[in-house]
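Novice: got a sequence here, can you build the structure:
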Amino acid sequence: MPKRALKRWVIAPLLIAPLLSACSGPQIVDALTPHSGYTVTTGIPFAEDPRLLLDLYRPDRPKSGAPTVVFFYGGNWESGDRGMYRFVAQALTSRGFSVAIPDYRLYPRVRYPEFLRDSAAAVAWVRRHGAEHGAQPGPVAVMGHSAGAYNALMLAVDRRWLAEQGLDSARDLRAAVGLSGPYDFLPLQSDMLKDLFGPVERRPDTQPINHVAAPLPPLFLATGTTDETVLPRNSRNLAARVREAGGTVRTAEYQGMGHIRTVAALAAPLRWLGPVLDDVDAFLKSLPDAGS
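Specialist: Numbers count the residues shown, from 1 in each chain. You can find the predicted model right below:
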């Protein structure tokens, strides 16, 4: 076995197993993530609630015409913190993209659709003020993993939430990227999700797949073939619906990847897990240029 392959087999359990643990995984990944190649401003308020802050990363070598990416983390809408996802910002800034990572309010403090309103407020701030802080100007791209992918795709397909902020998803979004996101997940199984998304008769309104209608920004939907947390059919079904509506969607299914690995593969020490960063980069750089 080649030395590089042997090294991966040795260190993989040491890195991936802790990543599945909320206690030590993020700290290990953060310690192995480079601090160079970007400048960051942390704790920028984008709404009145004290939790609603974002970190803004600007690449040392920005790509001309590239959109700023607003990344929403996952955590089942009940956990997560923007500081845990510096590795995502490092990955994207290494390819020339400015990146904003906002917090949003979590369950049980809020329920649907308040976390979507928080997400829309973050996008609106970046759209209007990001360039003042050194981010690339113009329409933004939204991106997320798991519950964060839900937030990102709902902003892309359900125009209500950005409209509340005076924005239009077709005009103000360059694209949307979802990694292992839930987009078509009724009936709800857990008591927590039933409480989060409300009465049975209102739940169809909570599903991204039920809001697909032209015009839509271009989408990239990626999933792992062995994801048992958010089944791959979520991405497949949404992609099919987008195509039926005449939208543009690119898809990727990573063989043998589970739920966590699609985002873990963005981390500098774990990119050998799969070409997630390369695929996201290629998709975003394939977008037609847009004005400010």
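
Novice: and residue 141, what element?
Specialist: If you go by DSSP states H and E, residue 141 is part of strand 140-145.

Novice: so for whichever helix or strand comes after that strand, what gets flagged as buried?
Specialist: Counting by DSSP H and E, the next helix or strand C-terminal to strand 140-145 is helix 147-157. Neighbour-count burial for helix 147-157, counted by 16 or more other CB atoms under 10 Å, picks out 147, 148, 149, 150, 151, 152, 153, 154, 155, 156, 157. Backbone N, C-alpha and C define where each C-beta goes, glycine included.

Novice: the last one against residue 215, yeah?
Specialist: I take that to be residue 157. No - judged on CB atoms under 8 Å, residue 157 makes no contact with residue 215 at a distance of 10.6 Å.

Novice: so what touches the host helix or strand of residue 235?
Specialist: In this structure, residue 235 is located in helix 233-244 according to DSSP H and E. Helix 233-244 has contacts (CB atoms under 8 Å, 6 or more residues apart in numbering) with 153, 157, 178, 180-185, 208-209, 212, 216, 219, 221-223, 248-249, 251, 253.

Novice: quick one: which of these sit in helices?
Specialist: Judged by DSSP state H, these include 153, 157 as members of helices.

Novice: now the buried members of the contacts of helix 233-244.
Specialist: Buried among the contacts of helix 233-244 (16+ other CB under 10 Å): 153, 157, 178, 180-185, 208-209, 212, 216, 219, 221-223, 249, 251.

Novice: from the residues you listed, which land in strands?
Specialist: Judged by DSSP state E, strands contain the following of these: 178, 219, 221, 222, 223, 249, 251.

Novice: could I get the residues you listed as JSON lines with distance to residue 44 and pLDDT?
Specialist: What follows is these, written out as JSON lines (distance: CB to CB, whole Å; pLDDT from 0 to 100):
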{"residue": "178", "distance to residue 44": "25", "pLDDT": "98"}
{"residue": "219", "distance to residue 44": "27", "pLDDT": "98"}
{"residue": "221", "distance to residue 44": "29", "pLDDT": "98"}
{"residue": "222", "distance to residue 44": "28", "pLDDT": "98"}
{"residue": "223", "distance to residue 44": "31", "pLDDT": "98"}
{"residue": "249", "distance to residue 44": "32", "pLDDT": "98"}
{"residue": "251", "distance to residue 44": "33", "pLDDT": "98"}
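
Novice: for those, which one is nearest residue 106?
Specialist: Among those, residue 178 lies closest to residue 106 (CB to CB), at 19.5 Å.

Novice: measure that closest one to residue 185 for me?
Specialist: For residue 178, the distance to residue 185 equals 13 Å [CB to CB, to the nearest Å].

Novice: what of residue 157?
Specialist: 15 Å.

Novice: let me know the secondary structure of the residue nearest to residue 227 when sequence neighbours are not counted.
Specialist: The shortest distance from residue 227 to any non-neighbouring residue, by CB to CB, 6 or more residues apart in numbering, is to residue 259 (4.6 Å). Look at residue 259: counting by DSSP: H, G, I helix; E, B strand; the rest coil, its state is coil.
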